[in-house]
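Participant: structure, please.
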Amino acid sequence: MSGKKTANIPDVDLFFSLAGDKKVAEEAFAELYARYAGRVYAYCYRCTSDPDEAQDIFQETFLRFYESAKRVDSMSNVIGFILKISRNLILNHRRNKKHAIDIESIELLAGPGALDGSELLGMLTTALEMLPDDYREAFVLREYEGLSYNQIAEILDTSLTNVKVRIFRAKQRLRKILSPYLADAAH
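Facilitator: You can find the predicted model right below:
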């Protein structure tokens, strides 16, 4: 395998190459990392809202992903598998560190006048932090990662109906949280 050759190899084949010869495993890992590092880091960041925490979880995700190739017998969705590892690490991290965001945090972001893109993004990030964890992760996987409801159900290990409800409720809560600030910005 060499750089150009790995670009055309399906994810699943690359994943199983991780358990083989060291040189082949390193090339396969490099290709999978190149394909998914951006998405995985973005997922970690959106779920933690802290770049340092996101980076730690991101690195641990790929370490565990690489190590898992020797233990996993079947694979059909590599990115789903990676995101599931990230999700479990994020849940463990949350369990170990409880934090709360209060409504005043959003008020600091909502200045007078029209909101620019970075202010709106900041408000959305803060509003996401206010959602219950199960709503936030379903919303992030759907809206930011672009995964299907079925893929999300597999990653979250829940029913399709439950995923749809979580995403719907997340959107409702985000609207409720952001509507006063967006209305003020429109005036």
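Participant: going by C-alpha atoms from here, please, whenever you check contacts or count neighbours.
Facilitator: Will do.
Participant: helices and strands of this structure: which one bottoms out on pLDDT?
Facilitator: helix 103-109 (a mean of 42; mean pLDDT, DSSP states H and E).
Participant: same for the helix or strand just after that one, what does it pack against?
Facilitator: Downstream of helix 103-109, the first helix or strand assigned by DSSP states H and E is helix 117-130. For helix 117-130, the packing partners by 3 or more Cα pairs under 8 Å, 6 or more residues apart in numbering; DSSP states H and E come out as helix 22-48, helix 103-109, helix 160-186.
Participant: what comes up buried for the last one?
Facilitator: Of the residues in helix 160-186, those buried by neighbour count under the rule 16 or more other Cα atoms under 10 Å are 160, 163-164, 166-167, 169-171, 173-174, 177-178, 181-182.
Participant: shaky segments in this protein?
Facilitator: For the chain, applying pLDDT under 70 flags the ranges 1-4, 97-117, 182-187.
Participant: residue nearest the centroid of it?
Facilitator: With distances taken as Cα atoms, centre = their mean, residue 43 lies nearest the centre of the chain, 2.1 Å away.
Participant: roughly how far does that residue sit from residue 180?
Facilitator: The spacing between residue 43 and residue 180, counted by Cα to Cα, to the nearest Å, is 27 Å.
Participant: can you check residue 74 too?
Facilitator: 49 Å.
Participant: just residue 172 next, same as before
Facilitator: Residue 172 is 14 Å from residue 180, where distance means Cα to Cα.
Participant: do the same with residue 63
Facilitator: Plainly put, residue 63 is 43 Å away from residue 180 if you go by Cα to Cα.
Participant: how about residue 73?
Facilitator: The gap separating residue 73 from residue 180 is 51 Å, by Cα to Cα.
Participant: which residues touch the nearest residue to residue 16 once chain neighbours are set aside?
Facilitator: Excluding its sequence neighbours, the residue lying closest to residue 16 (Cα to Cα, 6 or more residues apart in numbering) is residue 69, at 6.3 Å. Contact partners of residue 69, counting by Cα atoms under 8 Å, 6 or more residues apart in numbering, are 15-16, 18-19.
Participant: ok, of those residues, which one's closest to residue 120?
Facilitator: Checking the contacts of residue 69 against residue 120 by Cα to Cα gives residue 15 as the nearest, at 38.4 Å.
Participant: right, and that closest one touches residue 78 too?
Facilitator: Yes: at 7.3 Å, residue 15 counts as touching residue 78 under the criterion of Cα atoms under 8 Å.
Participant: quick one, which of the two is more surrounded?
Facilitator: Set side by side, residue 15 and residue 78 show more neighbours around residue 15, with 25 against 18, by other Cα atoms under 10 Å.
Participant: how about the contacts made by residue 7?
Facilitator: Residues near residue 7 by Cα under 8 Å, 6+ apart: residue 31.
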